[in-house]
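J.: Build me a model from this:
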Amino acid sequence: MSETTPDVGLFAQRLEHLFDTVRPAGKKRYTNPDVADAINEAAGEQVISQAYIWQLRKGKKTNPGYQHISALASFFGVPPQYFFGDQAAGSNSGLETDVQVALRDGAVRDVAFRAAGLSEETLKTIQDMIDRARTLEGLPAVDPVEHPPARR
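T.: Predicted coordinates for the structure are as follows:
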């Protein structure tokens, strides 16, 4: 596979991850028609169909063109490189992209800023509360992120 071709399974996984994590205000998640309609409206022409998005998410279509990759990346607020599997070994760019996506939501930014400086014990309590809230809202569990101890 060339360096410019998205990894088939990885592309579908990463697109699905965006659908799982990027949320519209007041809704549980974007649908394929939501994404197709927004992309087409922004472009002023038919760029992508909801059926094609479904095929990409399921790995049924395996070679999206740059126009589709770029349109999906722009819609979800990630760089087109997000979909590619040729990231440097040991790179945190996947995590960095997830953080960028999460911080696009003003309420998430507000929680993060308010949490800065709290003790590890208090942060653990807040994490437990957020995990419980995610369960109550039917959202997938989030794997703990390895991070260095907070500086004081």
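J.: Can you pull out the low-pLDDT segments for the protein?
T.: 1-8, 85-95, 97, 145-152 (pLDDT under 70).
J.: Where do the helices of it begin and end?
T.: 8-21, 32-43, 50-58, 66-76, 93-103, 106-115, 120-136 (DSSP state H).
J.: any chance of those helices in a markdown table, with mean neighbour count too?
T.: C-beta: built from backbone N, CA, C; applies to glycine. Shown next, in a markdown table, are the helices of the chain (neighbours: other Cβ atoms under 10 Å):
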| stretch | mean neighbour count |
| --- | --- |
| helix 8-21 | 17 |
| helix 32-43 | 16 |
| helix 50-58 | 17 |
| helix 66-76 | 17 |
| helix 93-103 | 14 |
| helix 106-115 | 11 |
| helix 120-136 | 11 |
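J.: can I get those helices in JSON lines with distance to Pro144?
T.: Compiled in JSON lines, the helices of the chain are given as follows (distance: least, Cβ to Cβ, whole Å):
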{"stretch": "helix 8-21", "distance to Pro144": "16"}
{"stretch": "helix 32-43", "distance to Pro144": "29"}
{"stretch": "helix 50-58", "distance to Pro144": "26"}
{"stretch": "helix 66-76", "distance to Pro144": "24"}
{"stretch": "helix 93-103", "distance to Pro144": "12"}
{"stretch": "helix 106-115", "distance to Pro144": "15"}
{"stretch": "helix 120-136", "distance to Pro144": "8"}
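J.: Who are the contact partners of the residue nearest the centre of the chain?
T.: Centroid-nearest residue in the chain: Leu18, 3.2 Å away (criterion: Cα atoms, centre = their mean). Counting by Cβ atoms under 8 Å, 6 or more residues apart in numbering, Leu18 touches 72, 76, 78, 101.
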